[in-house]
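# I'd like to go over a predicted model; first the sequence, then the structure.
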Amino acid sequence: MSSSTPRHPTLARLPPPSRAAFLLDFDGTLVDIAPTPESVSVVPGLPEILVALRERCGGALAVVSGRPIAQIDHFIPGIPYAVAGEHGVAVRHAPDQPVVRAVLPALPSHWLAEAERIVAGHPGASVERKQTGLVLHFRGAPDAGAALKAEAEALLAQDPQRRFHLQTAKMAWELKPGGIDKGTAVAQLMQQAPFAGRVPIFIGDDVTDEDGIRGAQALGGLGFRIPDDFPDPDAFRAWLGELARSSGAADSWEG
Ligand SMILES: O=P(O)(O)OC[C@H]1O[C@H](O[C@H]2O[C@H](CO)[C@@H](O)[C@H](O)[C@H]2O)[C@H](O)[C@@H](O)[C@@H]1O
């Protein structure tokens, strides 16, 4: 998938609107990376683009994020038809449906306190708690990456059953349960209307998105990655806008 030359997927490479399902990553893809998880901003016009694209594809537009679903609802309320959060641990198949959570082992109870103790030794680093895991962020302490990785691996080694693994992220290390990822989320989402029977198109920017890309490709779909296929989120959003503005028939992105 990787290439040193950015290559925008041409409209001709895409399945037509009547067959396409979009599964989009959030951080680093729909929104620019920001200093902290809370400080990301949704650029003006993006919600309208996503709504138009969703309507063009019969509703088949999902966000597949490492964030909890509640945070996607906070930043782009009512926009995606479906949302998968926490790298696929939580899935909401439709706006009016409940969140379905995978049954997973609970994070060992002392790991959160351990994580807080660890970041306290690296000013600028922080802990993000998730229902089934935690993230050690070091964007505010860039030199602490290697030390935090070693500490995270030491925590993981405390679980003799090795039920958790280290997810590489952007200036962050995430401890999360194994067996569930963005690829399993794609498979789940694609089983239900309005996604079922369509061709999944996954777009993301991070290591965790490689699972989503593989998941889409395993179902005969396509996967694109920033910066290989789009130089940055801005270029990706411009491409989405082009798709959303296309006024052609259901069998064509042209026009
Ligand atoms: O799967 P995604 O939607 O891309 O979410 C991945 C993680 O995003 C957040 O962390 C990352 O973005 C932050 C805001 O730009 C940035 O400050 C941080 O350094 C990045 O690692 C979020 O906090 C995580 O929970 C998500 O898993």
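Nice, thanks for sending it over. Numbering: from 1, shown residues only.
# so which bits of the chain are right by the ligand?
Within reach of the ligand by Cβ under 6 Å from any ligand atom, the chain has these residues: 25-28, 33-37, 40, 65-67, 128, 135, 137, 139, 169-172, 206, 208. All C-beta atoms are positioned from the backbone trio N, CA, C, and that covers glycine.
# in strands only, show me those.
Within the residues of the chain next to the ligand, residues falling in strands by DSSP state E are 128, 135, 137, 169, 172.
# these: which two are farthest apart?
Pairwise distances across these (Cβ to Cβ) peak at 10.1 Å, for the pair Glu128 and Ala169.
# which element, helix or strand, includes Leu112?
In the assignment (DSSP states H and E), Leu112 maps to helix 111-120.
# can you pull the buried residues of that helix?
By neighbour count on 16 or more other Cβ atoms under 10 Å, the buried set for helix 111-120 is 111, 114-115, 118-119.
# what is the nearest of these to Arg54?
Nearest to Arg54 among the buried residues of helix 111-120 is Ala115, at 37.2 Å by Cβ to Cβ.
# what's near enough to touch the closest residue to the ligand within the chain?
The ligand sits closest to Gly66 of the chain, with a gap of 2.3 Å, by Cβ to the nearest ligand atom. Contacts for Gly66 (Cβ atoms under 8 Å, 6 or more residues apart in numbering) come out as 27, 85-87, 167, 169, 174, 206, 208.
# out of those, which is most surrounded?
His87 (28 neighbours; other Cβ atoms under 10 Å).
# re earlier: out of the buried residues of helix 111-120, flag the one nearest to Arg163.
Nearest to Arg163 among the buried residues of helix 111-120 is Trp111, at 11.9 Å by Cβ to Cβ.
# relative to Ser252, how far out is Ala12?
10 Å (Cβ to Cβ, to the nearest Å).
# who's more crowded, these two?
Counted by other Cβ under 10 Å, Ala12 and Ser252 do not tie: Ser252 has more neighbours, with 15 against 8.
# before we move on, the earlier item: any chance you could list what contacts the helix holding Leu112?
Applying Cβ under 8 Å, 6+ apart, the contact partners of helix 111-120 are 125-127, 129, 134, 136, 148, 151, 155, 158, 175.
# for the stretch 151-255 of the chain, which segments count as strands?
Shown for the stretch 151-255 of the chain, the strands assigned by DSSP state E, counting those that start in this stretch span residues 164-169, 172-177, 199-204, 222-225.
# among these, which is the most enclosed?
strand 199-204 (a mean of 25; mean count of other Cβ atoms under 10 Å).
# now do it: everything it contacts.
Residues outside strand 199-204 that contact it (Cβ under 8 Å, 6+ apart) are 14-15, 19-25, 28-29, 64, 182, 186, 190, 209-210, 212-213, 215-216, 219-226, 229-230, 236.
# give the partner strands of that strand in its sheet and their orientations.
When pairs are called by DSSP bridges, strand 199-204 turns out to pair with strand 20-24 (parallel), strand 222-225 (parallel).
# so how far is the shortest one off the chain centroid?
Put simply, strand 222-225 sits 13 Å off its chain's centre (Cα atoms, centre = their mean, to the nearest Å).
# before we move on, what about the longest one?
Using Cα atoms, centre = their mean, the distance from the centre of strand 20-24 to the centre of the chain it belongs to is 12 Å.
# pull the residues that contact it.
By Cβ under 8 Å, 6+ apart, strand 20-24 touches 14, 30, 53-54, 57, 60-64, 80, 186, 189-190, 194-195, 198-204, 212, 216, 221.
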